[in-house]
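>>> Sequence plus the predicted model coming up.
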Amino acid sequence: MPDSTTPAAEAQRPHHRHEPAQRRNKIGIVGAGRVGTTVAYAALIRGVAKQISLYDPTRSKVDAEVLDLNHGLMFVPMAGVEGSDDMQVLAESDVIVFAAGASHPLGQTRMDLAAANAAICRDLLPKVQSVAPHALTLMVTNPVDVLTEVAIKITGHERACVFGSGTVLDSSRFRFLLARHFGVSVQSVHAYIAGEHGDSEIPLWSSANIGNVLLNQWHVNGYGHPLTEEKKQEIFNTVKNAGYQVLAGKGATNYAIGLAVVSILEAIFHDEGRVLPVSSRIEDYQGISGVCLSVPAIVDRCGVESVIPLPMTEMEQAGLKASAERIRSVLNSLGY
């Protein structure tokens with residue numbers, strides 16, 4: 001990515017806690033399953049990086065996926081795609097997207113995958129680190145909040161450099177449903193799901209707004225329907241169970257999470273300072289410390305630059321703390 005910043009603009013930038021090594025415009029993806037390959041596909045279409053490299057232990061699988069992606073290169077911004085069962089393919093990556101993990105059987109929660117996927121992290125992350133020691137690590141494998149904390153401990157990297165996709169997708173689902181209810185574009189809705197990416201997540205109703213108008217003040221004639229408490233609960237239940245609904249119908253979720261991950265990658269590669277509800281280890285946030293969960297945070301070329309001190313009601317604060325305790329209890333059961 002060409003460096004287009006001027007000396008004056010650079011002088012006005014906030015102090016970064018960790019300046020990355022020189023960018024090579026390379027995304028490394030661990031796991032060539034549905035999520036990993038969809039991230040690669042979406043990144044190609046969006047033109048996020050000049051090089052996309054996939055690692056998977058099954059050589060025939062990764063070779064076939066790379067071949068299929070390469071056959072479409074004439075239709076996307078110029079980029080290269082490679083893959084291998086040799087971890088060296090990830091060398092000099094700017095960002096590692098960790099999407100390797102056990103499949104999600106119908107009837108299990110994301111937390112049920114914790115032990116199996118933590119073992120995969122313990123096996124693969126040190127090997128990834130040996131070939132791409134300076135890369136940011138973006139965890140996508142579930143349970144993402146638990147595994148983000150596991151990854152921080154395994155790699156020993158600064159918490160800003162290891163973070164998870166968190167509730168970026170959940171928040172997109174939330175905004176989609178609110179937009180449909182009120183009859184506005186999803187881009188005009190600003191609302192977050194916070195906490196665990198899972199069953200204990202919480203909707204931040206108190207700060208949700210459309211065009212800077214809080215939802216409880218939205219009285220534009222002809223647009224949508226009143227947002228009753230019953231409707232709010234219905235919308236939130238739909239958000240919380242959306243992943244299970246997709247899983248039941250097609251066996252996996254991949255398109256929306258692929259796009260969600262690429263939105264995070266764009267914030268990194270374009271140094272946007274975009275506010276996204278990624279999962280990162282928080283300290284002294286609403287009385288919570290030392291656990292990874294999702295709250296709105298500024299994401300740029302250095303990873304998670306800072307979290308946003310979003311005002312919350314007492315009920316939202318209590319929900320966030322309960323979510324943190326759920327994540328912490330799973331970590332304790334894994335010995336972390």
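It's in. Computed from a prediction, not measured in an experiment: that's the story for all the values here.
>>> Which residue ranges of this protein form helices?
Ranges of helices in the chain, per DSSP state H, are 7-12, 34-46, 59-70, 114-131, 144-155, 168-182, 229-250, 255-269, 314-334.
>>> Domains of this structure: list them as residue ranges, please.
If you go by automatic domain parsing, the domain ranges for the chain are 18-164, 168-334.
>>> winner for burial among those?
domain 18-164 (a mean of 20; mean count of other C-beta atoms under 10 Å). Where you see a C-beta, it was placed from the backbone N, CA and C, and this is true even at glycine.
>>> what separates that domain from the chain centre, distance-wise?
12 Å (C-alpha atoms, centre = their mean, to the nearest Å).
>>> Now for Val262: which residues touch it?
Counting by C-beta atoms under 8 Å, 6 or more residues apart in numbering, Val262 makes contact with 39, 42-43, 46, 48.
>>> Redo these as CSV? Include distance to Val128.
Compiled in CSV, the contacts of Val262 are given as follows (distance: C-beta to C-beta, whole Å):
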residue, distance to Val128
Val39, 16
Ala42, 21
Ala43, 18
Arg46, 23
Val48, 20
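>>> Out of those, flag the one nearest to Ile257.
Val39 (8.0 Å; C-beta to C-beta).
>>> right, and that closest one touches Ile96 too?
No. The criterion here is C-beta atoms under 8 Å, and Val39 misses it with Ile96 at 11.5 Å.
>>> list the residues that contact both of the two?
Listed contacts common to Val39 and Ile96 are Ile29; contacts here mean C-beta under 8 Å, 6+ apart.
>>> What is the end-to-end distance of stretch 188-200?
26 Å (C-alpha to C-alpha, to the nearest Å).
>>> What average pLDDT does it get?
Stretch 188-200 carries an average pLDDT of 95.
>>> And the lowest mean pLDDT element among the helices and strands of this structure?
Ranked by mean pLDDT, DSSP states H and E, the weakest helix or strand in the chain is helix 7-12, scoring a mean of 40.
>>> Redo the contacts of Val262 as JSON lines? Include distance to Ile257 and pLDDT.
Listed next are the contacts of Val262 as JSON lines, based on distance: C-beta to C-beta, whole Å; pLDDT from 0 to 100:
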{"residue": "Val39", "distance to Ile257": "8", "pLDDT": "98"}
{"residue": "Ala42", "distance to Ile257": "10", "pLDDT": "98"}
{"residue": "Ala43", "distance to Ile257": "13", "pLDDT": "98"}
{"residue": "Arg46", "distance to Ile257": "15", "pLDDT": "97"}
{"residue": "Val48", "distance to Ile257": "15", "pLDDT": "97"}
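>>> Nearest to Ala160 among the residues you listed?
Nearest to Ala160 among these is Val48, at 20.3 Å by C-beta to C-beta.
>>> List the contacts of that closest one.
Here Val48 is in contact with 27, 262, 265-266, 269 (C-beta under 8 Å, 6+ apart).
>>> Just flag the most distant two among the residues you listed.
Of all the pairs that the contacts of Val48 form, the one spanning the most space (C-beta to C-beta) is Ile27 and Glu266, at 11.0 Å.
>>> So, low pLDDT: which residues of the stretch 1-150 of the chain?
The model of the stretch 1-150 of the chain has pLDDT under 70 over residues 1-23, 104-111.
>>> With Thr238 as the reference, measure out to the residue minimising distance to the centre of the chain.
Nearest residue to the geometric centre of the chain (C-alpha atoms, centre = their mean): Ser165, 1.3 Å. As judged by C-beta to C-beta, to the nearest Å, Ser165 and Thr238 stand 20 Å apart.
>>> again with Ile282
Taken as C-beta to C-beta, the span from Ile282 to Thr238 is 27 Å.
>>> Gly36 now?
Separation of Gly36 from Thr238 (C-beta to C-beta): 27 Å.
>>> Same question for Glu229.
15 Å.
>>> Same check on Ser60?
39 Å.
>>> ok, now Ile96?
Taken as C-beta to C-beta, the span from Ile96 to Thr238 is 32 Å.
>>> cool, Lys127 as well?
Distance check for Lys127 against Thr238: by C-beta to C-beta, it reads 39 Å.
>>> ok, the residue lying closest to Ala116 once chain neighbours are set aside - contacts?
Using C-beta to C-beta, 6 or more residues apart in numbering and skipping the chain neighbours, the partner closest in space to Ala116 is Ala102 (4.3 Å). Residues counted as contacts of Ala102 (C-beta under 8 Å, 6+ apart) are 113, 116-117, 120.
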